[in-house]
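Peer 1: Sequence first, then the predicted structure, then my questions.
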Amino acid sequence: MFDPQTYSQRRQKLAESVGGGVVLLLGHSHSPMNYADNYYPFRQDSTFLYYIGLDQPDLAAVIDTDSGRTTVFGHPPTVDDVIWSGPQRSLNQLAQLTGADLAAPIRSLQRSLDRAKKQVRPVHFFRPCRAATGNWLTALLGPDAEGGVSGELIAAIVAQRLIKEPQEVAEIESALEVTARMHIDAMRLAAPGIVEGVIAGHVESLAIAHGARLAYPCIFTRHGEVLHNHSYHHKLKAGDLVVHDSGASSRRHYASDITRTIPVSGPFNERQRTVYHAVLTALEGAMEQIRPGIRYRDIHLDAARSITCSLQQAGLMKGDLEESVAEGAHGLFFPHGLGHMMGLDVHDMENLGEDRVGYDTDTQRVNQFGLRSLRLGKFLESGHVLTVEPGCYFIEALIDQWQQQKRHERFINYAEVRRWCGLGGVRIEENVVVTPDGHRILGPPIPRSVEDVECACQTELN
């Protein structure tokens, strides 16, 4: 946890942004894998973590926006809790840790909410991402839980969480310290005959060894054209191109998210190098533009122009560059967005609504293949933390479909594209914070240039 004042100040700001009533925050419970006592590693709800900071199951909090008082609700610890889970803090001790005014047993939460409703005071809440927590919400609020989601509360939470405090940025950088080691080790371990899962397992073990976890399931695959490939059963072969997308979370659960593309057992071949340069050029060009007041969708489209230009030079695309990008022909090779917000969630606050986080009244999502997958489109502000992750892929099923439909034939040289199938994919990703006068790349350097990646891949693991 941070210091109690951090959470008190966050709650005070939230209370001032919400027009009266009480705010209900529900923490997560343990989530069973296959029976009640065999559960997944516990992960607290991120909004509960942001405002309360208590990282244990079966807690709730109520913020009275009129008085500014916060009550933490939980189960008083029992001897059985101590036997199975070790020493436990009392409810009063938990309240002190988060700077709350009161602590109360969870059984009194219902009475507290009923009292607010009887006084005709609004209860502000959002729908939780987990079904079990949603069922708890419904049990507490009855029919109000179905249609009474507070857009006012969600807007206030998003606005506050989007601007990262210096201590939050420091947490993300601490996660990136571990992530850098994960990626450098993976480059050194990748060799012919190694099964993908061996390296994916090593990557996860590094996160755990540093007191953290992965922020999301590791992607380590020779089939990089599958954007979220969590299968690790293939053996690496000489000449393979491997996409490695993984990031550790910090001890306080702040995420990192880095991707590198690795040539197995030696240098990139000519075609791999061509595609890698195309993606790297787009990445570096995009990062040069990041600053307050620029629309991220514009940076995404500029990255698309950069990739299109490179593919035209390689003979894979053709025609007028601006028309090609405007019509979305690059989506065959670049079918995802350039990046997303990041913080306590690797896709920050996605459970509150992706469009609420990445878009606003000035910037609406565009329903074009590829562009509609852009999670962040709006104008950037100082304090935003985001990913920059262009990619280029050869997805045979998509190529088959578009060629059969004669889609974008003016801009795509399908005969040449066919000769490149089997290359897989390339993605390169960095994490940046927007500063008042530009941006800063977060974390330690991780090999990114062709020469540095090739060098790291040919260095033995210590």
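Peer 2: Great, that's in hand.

Peer 1: use CA for all of it now, contacts and neighbours both
Peer 2: Noted.

Peer 1: What ranges does the stretch 51-200 of the chain have for its helices?
Peer 2: Assigned by DSSP state H, counting those that start in this stretch, the stretch 51-200 of the chain shows helices spanning 79-85, 91-97, 109-118, 131-141, 144-147, 151-162, 166-189, 196-209.

Peer 1: pLDDT score for G147?
Peer 2: pLDDT, G147: 65.

Peer 1: Poorly predicted segments of the stretch 351-462 of the chain, please.
Peer 2: Counting by pLDDT under 70, the stretch 351-462 of the chain shows low-confidence ranges at 462.

Peer 1: Okay, strands next: where are they in the stretch 201-350 of the chain?
Peer 2: For the stretch 201-350 of the chain, the strands defined by DSSP state E, counting those that start in this stretch cover 219-221, 241-246, 258-263.

Peer 1: so which of the ones you listed is the most packed in?
Peer 2: Ranked by mean neighbour count under mean count of other CA atoms under 10 Å, these are led by strand 219-221, which reaches a mean of 29.

Peer 1: Report all helices and strands that it contacts.
Peer 2: Helices and strands touching strand 219-221, by 3 or more CA pairs under 8 Å, 6 or more residues apart in numbering; DSSP states H and E, are helix 196-209, strand 241-246.

Peer 1: Now render those as a markdown table, adding mean pLDDT and distance to Q368.
Peer 2: As requested, these are exported to a markdown table (pLDDT from 0 to 100; distance: least, CA to CA, whole Å):
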| stretch | mean pLDDT | distance to Q368 |
| --- | --- | --- |
| helix 196-209 | 97 | 34 |
| strand 241-246 | 98 | 25 |
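
Peer 1: on that earlier part again, mind checking the strands of the stretch 201-350 of the chain for the one nearest to R213?
Peer 2: Ranking these by proximity to R213 (CA to CA) places strand 241-246 first, at 10.8 Å.

Peer 1: what does the closest one rub up against?
Peer 2: The contact list for strand 241-246 (CA atoms under 8 Å, 6 or more residues apart in numbering) reads 179, 183, 214-224, 257-264, 272, 423-427.

Peer 1: mind checking pLDDT for the residue nearest the centre of the chain?
Peer 2: Compute the mean C-alpha point of the chain, and by CA atoms, centre = their mean the closest residue is V346, 1.9 Å away. pLDDT, V346: 98.

Peer 1: Quickly list what the nearest residue to it once chain neighbours are set aside is bridged to.
Peer 2: The shortest distance from V346 to any non-neighbouring residue, by CA to CA, 6 or more residues apart in numbering, is to A255 (5.3 Å). Beta-bridge pairing for A255 (DSSP bridges): S249.

Peer 1: Please name the residues that touch A255.
Peer 2: Neighbour list for A255: 172, 175, 215, 247-249, 342-346 [criterion: CA under 8 Å, 6+ apart].

Peer 1: For V388, state which of these is nearest.
Peer 2: Nearest to V388 among the contacts of A255, with distances taken as CA to CA, is M342, at 10.8 Å.

Peer 1: and that closest one, what pLDDT?
Peer 2: pLDDT, M342: 98.

Peer 1: Pretty sure it sits against L376.
Peer 2: No. Assessed by CA atoms under 8 Å, M342 is found out of contact with L376, at 10.5 Å.
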